[in-house]
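**Q** Output the structure for:
(chains A and B)
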Amino acid sequence: SFIYNSLINGLCEADKVDDAIELLKTMKEAGCRPCNVTYTTLMNGLCKAKRLEEAKTLFERTRQNGYKPDTVMYSALIDGLCKAGQQTQALELYEDMKGNGCKPNRFLYSSLIDGFCKSGNIDRALEILEVMIESGCPPNIVVYSNIIDGLCRANRMEEGYQYFLDIIQSGSHPNVVTYSILIDGFCKIGKIDMALKLFSEMKTKGCAPNVVTYTSLIWGLLKVGKAAEARNLLKSMISAGCEPN
RNA sequence: CCCCGAAAAAG
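**A** The predicted structure is shown next:
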């Protein structure tokens, strides 16, 4: 069944969810019993293909067939709900999950926090961050990056930057995503000086900018009319071995 | 601890 699960996962990642569903049938016909991993993989594939209703149906059917959803299975569906902006249902499922003895972990909190951030409810995201900390699940860099991104989107750059400083002070290391979020945020409000400062800081710290970082910064330079500098940055991007897309 | 499943950034 590990083999079937891996194949199903591969098909989902190749956007061939229907083929993955077919393979599930084949798997059963071959007398191989699907497990939580199999169903979680399919639900995730359905969610990524924006086929949320089918993912929900699969979840219910799986549960009716006697499978006990675990934290990973709940997380996959909760993440899908969050990404589709269905926060109410996501929270219902989160309660259901806790009621069934599944412990929320960083993945789950990250999905909830990111969902609230992207649906414009940064304050709710900050509340969940508190819950997370109080329940003894220390946020990692992904969760803090979610929060910083939410603050940037809410035009609360200063607070976002403050979280960034706090992360460093607490001995954690911002990664290329964290830096890219802040650089993009500062570029979008025209604070190119701050963006450039972070860009040089990340390189000093050995954190290599990627195509996302460069794209934001080039966009930011163009926005403030620094076309020549944008072009130079494109050149240094290429010479740094980063392929423009 | 113990092979397969869930989370973040630009366009």
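
**Q** Please make it C-alpha for all contacts and neighbour counts, starting now.
**A** Noted.

**Q** For chain A, just list every one of the strands.
**A** Read by DSSP state E, chain A holds no strands at all.

**Q** just the helices in it please.
**A** A:2-13, A:17-29, A:36-48, A:52-64, A:71-83, A:87-99, A:106-118, A:122-134, A:141-153, A:157-169, A:176-188, A:192-204, A:211-223, A:227-239 (DSSP state H).

**Q** Out of the ones you listed, flag the one nearest A:Asn245.
**A** Closest of those to A:Asn245 is helix A:211-223, at 7.4 Å (criterion: C-alpha to C-alpha).

**Q** Can you spell out which helices and strands pack onto that closest one?
**A** Here helix A:211-223 touches helix A:176-188, helix A:192-204, helix A:227-239, going by 3 or more C-alpha pairs under 8 Å, 6 or more residues apart in numbering; DSSP states H and E.

**Q** and these as JSON lines, adding distance to A:Met43, mean pLDDT and mean neighbour count?
**A** Shown next, in JSON lines, are those (distance: least, C-alpha to C-alpha, whole Å; pLDDT from 0 to 100; neighbours: other C-alpha atoms under 10 Å):
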{"stretch": "helix A:176-188", "distance to A:Met43": "26", "mean pLDDT": "97", "mean neighbour count": "23"}
{"stretch": "helix A:192-204", "distance to A:Met43": "37", "mean pLDDT": "97", "mean neighbour count": "16"}
{"stretch": "helix A:227-239", "distance to A:Met43": "38", "mean pLDDT": "96", "mean neighbour count": "15"}
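
**Q** With distance to A:Thr26 as extra columns, can I get these in CSV?
**A** As requested, the helices and strands packed on helix A:211-223 are exported to CSV (distance: least, C-alpha to C-alpha, whole Å):
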stretch, distance to A:Thr26
helix A:176-188, 40
helix A:192-204, 49
helix A:227-239, 47
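
**Q** re the thing from before, a markdown table please, covering the helices of chain A and showing distance to A:Asn245.
**A** Listed next are those as a markdown table, based on distance: least, C-alpha to C-alpha, whole Å:
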| stretch | distance to A:Asn245 |
| --- | --- |
| helix A:2-13 | 21 |
| helix A:17-29 | 27 |
| helix A:36-48 | 22 |
| helix A:52-64 | 30 |
| helix A:71-83 | 25 |
| helix A:87-99 | 33 |
| helix A:106-118 | 25 |
| helix A:122-134 | 31 |
| helix A:141-153 | 23 |
| helix A:157-169 | 28 |
| helix A:176-188 | 16 |
| helix A:192-204 | 19 |
| helix A:211-223 | 7 |
| helix A:227-239 | 11 |
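
**Q** Nice, that's everything, thank you.
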